[in-house]
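Novice: Quick one, fold the following:
(2 chains)
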Amino acid sequence: MTVPLGAYVAVSAALFFIGCAGVLVRRNAVVILMCVELMLNAANLALVAFSRKYGSIDERGSVFVVFVFVIAAAEVAVGLGIILSAYRNRPVVNVDEIHQMKG
Amino acid sequence: MTFDFVEPVVFALLSIGVIAGGVAVVMLNRITAAALFMAFTFLSMAGMFVLLGAETIAAFQVLIYVGAITVLILFGVMFTKFSDAPRALFFQRQAPLAAVFVAAVAIPVTLFSFSFTSAPPRPGGGDLPALATSVFTDFAFPFEIASVLLLAAMVGAIVLTRRDDPEEAAMRRRR
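Specialist: Here you go, the predicted structure:
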């Protein structure tokens, strides 16, 4: 008895929506960044599951996972840079209070 | 005696770890604890990758997510001061509305995702040879673009967080 593909995709969807709820609901910028990471990781799980269980002989899906890793690392570095420079300007991390660039 | 029951049991434990860690990241008020639960979620996810037979991806997951990204976020937590917000200020104002919308989309999608069935398993073996062949043949150009993107992100992060020293700026003006 092996675990069906649907179970992996369901865990991936559940984690994606948990991250989505976190992005919509939390106010802290660093927590929002963490929730975006959770969503990216959920997408990785779906890609690997489909690639391993349904893919052709080459690992196309896993190649996309490698690129998602690259994008996630770049995103965290630049995102934290933006949060830190905004924090230096005005010491808040609450996204409701960061509105200097609002027209 | 067979060990067929091992894989579903391990999968159940790992999925409980993934979901519980994700919920803890969203619900916990202490940011450091949330970051550590995020690392726990990533570790459970690495276990799932091993269960799927993608050992290389699992190794990348531990190195990049658990190693690099968690440490980077913990640094971000330490550099910013969090005042203990009252419980009312913890979530956004539109939280109930957002919860309703997310639940309305999430529950059908999650139920639908159970309907996927897999093709018959193909001959085993690690995922590294196929992955490396794909990356360095069909995806060689995107691979190079990704390296340029990483360089740009590195330079951009340094430029964004560099402190403008007033003395240094004055010296530059004098020159």
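Novice: mind listing what's buried in the longest helix belonging to chain A?
Specialist: Ranked by residue count and defined by DSSP state H, the top helix of chain A is helix A:60-89. Judged by neighbour count (16 or more other C-beta atoms under 10 Å in any protein chain shown), helix A:60-89 contains these buried residues: A:60-70, A:72-84, A:86-87. Every residue, glycine included, has its C-beta placed from N, CA and C.
Novice: which non-adjacent residue is nearest A:Arg26?
Specialist: Among residues not flanking A:Arg26 along the chain, A:Ile32 sits closest, at 5.8 Å (C-beta to C-beta, 6 or more residues apart in numbering or on different chains).
Novice: That neighbour and chain B, how far apart?
Specialist: Remark: distance between A:Ile32 and chain B (C-beta to the nearest C-beta, to the nearest Å) = 10 Å.
Novice: how many neighbours does that residue have?
Specialist: A:Ile32: 19 surrounding residues under other C-beta atoms under 10 Å in any protein chain shown.
Novice: Name all residues that make contact with it.
Specialist: Neighbouring residues of A:Ile32 by C-beta atoms under 8 Å, 6 or more residues apart in numbering or on different chains: A:Gly22, A:Val23, A:Arg26, A:Val95.
Novice: what's the longest helix of chain A packed up against?
Specialist: Contacts defined by 3 or more C-beta pairs under 8 Å, 6 or more residues apart in numbering or on different chains; DSSP states H and E place helix A:60-89 against helix A:29-54, helix B:55-60, helix B:70-79, helix B:128-136, helix B:140-161.
Novice: can I get these in TSV with mean pLDDT and distance to B:Ala46?
Specialist: Below are the helices and strands packed on helix A:60-89 laid out as TSV (pLDDT from 0 to 100; distance: least, C-beta to C-beta, whole Å):
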stretch	mean pLDDT	distance to B:Ala46
helix A:29-54	90	10
helix B:55-60	90	4
helix B:70-79	88	12
helix B:128-136	84	16
helix B:140-161	92	21
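Novice: Buried deepest among those, which one?
Specialist: Ranked by average neighbour count under the criterion mean count of other C-beta atoms under 10 Å in any protein chain shown, these are headed by helix A:29-54 at a mean of 23.
Novice: now it against helix B:70-79, angle please.
Specialist: 170 degrees (axes from the mean of the first three to the mean of the last three C-alpha atoms, to 10 degrees).
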